[in-house]
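*Asks:* next one to model:
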Amino acid sequence: MSPALPPAGPSGAEMNLLCACASPAYAAQTAEFFDRGGSVSWPRFVALATNHHLLPLVHRALKAVPERVPAQWLARLRESQTAIAAHNLRACATLRRLQKRLEADGNRLVPVKGPALALLAFGDVALRQFEDLDLIVRRAELLRVVAILEQEGFRLRELAAGVDRARYLETLQNWSLEKPGFPPLDLKPVLISHALCGPASADFMAAACRQIPNAAFPGLSAPGPAEMLLAVCLDGANEMWIKLSAVADVGALIAKHADVDWARYLAEAKRLGHRRSLLVGAALAEDLLGAVLPAAFREGLRNDPAARRLAEQVAARLRSAAPRQNLAFRQSVFALRTRERFRDRWRFLRRLLFVPGAYEFTRWPWPRALQPLYSLVRPLRLAWTVAVRGGRADRLTVLPAHAKLAPGGSNP
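*Replies:* Predicted coordinates:
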């Protein structure tokens, strides 16, 4: 089943080929694209693949038909793939080393996405493009883990040195760390987002952890394919499926793990309040990539027309535009619409609007007695961001104490 042709537009052919390369049936769909006389602008296509973080899958598909691709662009794809593979191998080695280091002290790192997802979805750590390591750490262990990682040379990226760490931990938000020469780490006390998930999601993912059979990295542990699919789809809901790579992850997981009891797992996702997010991801994989869905997903989509509508809106946007990073307000509205139950919608709105983040804690380092005021300041700041700055997210970078500002007073 080939992906539907996009509406006529400047990127129609390029998006068609990109979807073919990202499909679980990439060999047949890529050959069909060219057999139908498909022609693309190669600079535009490679830029689109880069924006959607799909260079490894594009290279895998196109190297099988080298006569269809200009040599210079195939060479560029091969060069990019080599660099991505090297980064991913280093990240996988880092992940395994940190897991062993922290397990020795009774702490646990639960990887979501990243190299673990690459192995589960594609069977090859080099076939998925990612930048950092997303790691679930249960709340009771998180401060200890941060302290150990700091001893290892990592430093917090978005929290200043004097921030009240215990108070920030209560917000259930991410802790980002960095170290020169290593992939950034994103520690999560919940599965994806503090607005979408509660602490029980970390326990759920930790309970699903098991060793992934892999000769290159023996002993690497991660949640299973069904739990990893939940992580991918919740991240998609949180970001409004801004990149086609997330849809490719969904299609690959469903195709590779057809033996999973998806009906039972969809029932479990419904109990957790995340069933619609799974259905949206499955519908996107079917619509854009021609993925063949298990009966449980087809039945779920028949019974949840709202999930199908959300998927259709995302598919139309992906076909018509390159990824954009100024969708913060619309992303939040989309994530809210993936919540099926009133209590989940209420929790999402309450935490989104009133739970302070790294920005508030670092920009206004008030004493603990005044920190409850962060909850009053946050909605005002969000309103300013949407009304004045067009909804663009303001990512805060905390400079080292000895760092200097660039000329003109702006950060480099």
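*Asks:* when you work out contacts or count neighbours from here on, use the C-alpha atoms and nothing else.
*Replies:* Will do.
*Asks:* the stretch 1-150 of the chain: helices as residue ranges?
*Replies:* 12-22, 26-35, 42-51, 55-62, 71-103, 114-122, 139-151 (DSSP state H, counting those that start in this stretch).
*Asks:* list the helices and strands the last one packs on?
*Replies:* Spelled out, that is helix 139-151. helix 165-169 (3 or more Cα pairs under 8 Å, 6 or more residues apart in numbering; DSSP states H and E).
*Asks:* which element is the one residue sitting closest to the centre of the chain on?
*Replies:* Nearest to the geometric centre of the chain sits residue 235, at 4.9 Å (Cα atoms, centre = their mean). If you go by DSSP states H and E, residue 235 is part of helix 225-239.
*Asks:* equivalent analysis for residue 177, please.
*Replies:* Going by DSSP H and E, residue 177 is in strand 175-178.
*Asks:* separation between the residue nearest to residue 39 when sequence neighbours are not counted and residue 260?
*Replies:* Counting by Cα to Cα, 6 or more residues apart in numbering, residue 39 lies nearest to residue 13, which is 6.8 Å off, once chain neighbours are set aside. Distance, residue 13 to residue 260, using Cα to Cα, to the nearest Å: 35 Å.
*Asks:* neighbour count: those two, which is higher?
*Replies:* residue 13 (21 against 14; other Cα atoms under 10 Å).
*Asks:* run through the residues that contact that one.
*Replies:* Contacts for residue 13 (Cα atoms under 8 Å, 6 or more residues apart in numbering) come out as 38, 39, 40.
*Asks:* distance to residue 144, neighbour count and pLDDT for those - can I get that in JSON lines?
*Replies:* Shown next, in JSON lines, are these (distance: Cα to Cα, whole Å; neighbours: other Cα atoms under 10 Å; pLDDT from 0 to 100):
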{"residue": "38", "distance to residue 144": "55", "neighbour count": "14", "pLDDT": "81"}
{"residue": "39", "distance to residue 144": "55", "neighbour count": "12", "pLDDT": "88"}
{"residue": "40", "distance to residue 144": "52", "neighbour count": "16", "pLDDT": "92"}
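*Asks:* show me where pLDDT drops low in the stretch 1-150 of the chain?
*Replies:* Counting by pLDDT under 70, the stretch 1-150 of the chain shows low-confidence ranges at 1-11.
*Asks:* residues touching the residue nearest to the centre of the chain, list them.
*Replies:* Neighbours of residue 235 in contact, by Cα under 8 Å, 6+ apart: 192, 193, 241.
*Asks:* got it, and residue 294?
*Replies:* 254, 258, 262.
*Asks:* and residue 344, how far from residue 255?
*Replies:* 30 Å.
*Asks:* nearest to residue 367 among the contacts of residue 235?
*Replies:* Residue 367 lies nearest to residue 193 out of the contacts of residue 235, by Cα to Cα, at 26.2 Å.
*Asks:* so that closest one sits against residue 173, correct?
*Replies:* Yes: counting by Cα atoms under 8 Å, residue 173 is a contact partner of residue 193 at 7.0 Å.
*Asks:* how near is the residue lying farthest from the centre of the chain to residue 164?
*Replies:* Residue farthest from the centre of the chain, counting by Cα atoms, centre = their mean, is residue 369 at 35.6 Å. Per Cα to Cα, residue 369 is found 11 Å from residue 164.
*Asks:* and for residue 102?
*Replies:* From residue 102 to residue 164 the distance is 23 Å (Cα to Cα).
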